[in-house]
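*Asks:* Need coordinates for the following:
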Amino acid sequence: MNLKQLPAACTAQLQIATPLGPMLLARTAKGLAGAWFAGQKDYPVRIDAPVAPNDPLLRKTAAELGDYFAGRRKTFDIPLDLYGTPFQRSVWQALLAIDCGQTSSYGAVARTIGKPSAVRAVGAAVGANPVAVIVPCHRVMGSDGSLTGYAGGLPRKIALLEIEGIAALQPMRQDVGAAAKPRPMSRVVAAASIDRGP
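*Replies:* Numbering: from 1, shown residues only. Modelled structure (predicted):
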C-alpha cells in the first residue's frame, strides 16, 4: 500500500470547485484515498478510474468540504483508505488527532508517533499526505510557530488556518544572517495570491 499504487487502486474520481481552487477527489473500494488541490505537489498525473459525479462517498466528501470552507464544519466523517508506508500512515494518523483550530509542530508529531529523532522524516511524510484538508497537514508548523511549507502552496495553508481561526505567521525577509521574525499575513493578501485555476 504505497503512494505509487494509489492511482491504480482508485475506483472513482471527481473534480470539485473550492474557494481555494479545484480539488481532485479519488476513492478506493474502502474509502477516500486522495484529495489534492490542482497544481499541488504530488498531484497524480493520471488516475485510472471513472469520473463519478454520483458516487455517494465522493458526493459526501464534496459536501463536507463545502461546509468546512463555509465555516460550518470542523470535523469530517469520511472513511479513509490511506496509501503509504507504515511510517507515513502513522504520521497521517497523528495528524488526524490535531483538532480544528489547533496546530502542532513536526517535532511534536515525531514524539507522538514514538520517533522523537525522526523530525525530518515526519516532515517528508506530512508533505506526502494524499488527502489535503481532511488529513490536516496544514496544521503542522515549525517549532517556532512559523510556516514551513505546504504541498498545496503557502497561500492555501494560510487560508486554511484562517478558516479555522488561526492567525498564520509568515516569516519576514531579513538580511542574511539575521533571525527571521514572523509577521501576520492578512487573509486578503493570502486569498489574492492563490491560483484558483481555470
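*Asks:* Give the buried residues for stretch 61-81.
*Replies:* For stretch 61-81, burial by neighbour count (16 or more other C-beta atoms under 10 Å) applies to T61, A62, E64, L65, Y68, F69, F76, I78, L80, D81. Bear in mind the C-beta positions are built from the backbone N, C-alpha and C, glycine included.
*Asks:* And these, which is closest to N54?
*Replies:* Distances from N54 to the buried residues of stretch 61-81, taken as C-beta to C-beta, are shortest for A62 (11.3 Å).
*Asks:* Centre-most residue in the chain?
*Replies:* A132 (2.9 Å; C-alpha atoms, centre = their mean).
*Asks:* Tell me which helix or strand Q15 sits in.
*Replies:* strand 12-16 (DSSP states H and E).
*Asks:* Strands of the protein, residue ranges please.
*Replies:* For the chain, strands defined by DSSP state E occupy the ranges 12-16, 23-27, 32-37, 104-105, 140-141, 169-171, 182-184.
*Asks:* Show the pLDDT at N2.
*Replies:* Predicted confidence (pLDDT) for N2: 66.
*Asks:* coming back round to it: packing partners for the strand holding Q15?
*Replies:* Contact here means 3 or more C-beta pairs under 8 Å, 6 or more residues apart in numbering; DSSP states H and E; on that basis strand 12-16 packs against strand 23-27, helix 56-69.
*Asks:* picking that back up, which one of the strands of the chain lies nearest to Q5?
*Replies:* Nearest of those (C-beta to C-beta): strand 32-37, 10.0 Å.
*Asks:* Buried residues in that closest one, which are they?
*Replies:* Per 16+ other C-beta under 10 Å, strand 32-37 contains these buried residues: L32, A33, G34, A35, W36, F37.
*Asks:* can you put the residues you listed in JSON lines and add pLDDT?
*Replies:* Below are the buried residues of strand 32-37 laid out as JSON lines (pLDDT from 0 to 100):
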{"residue": "L32", "pLDDT": "98"}
{"residue": "A33", "pLDDT": "96"}
{"residue": "G34", "pLDDT": "96"}
{"residue": "A35", "pLDDT": "97"}
{"residue": "W36", "pLDDT": "96"}
{"residue": "F37", "pLDDT": "96"}
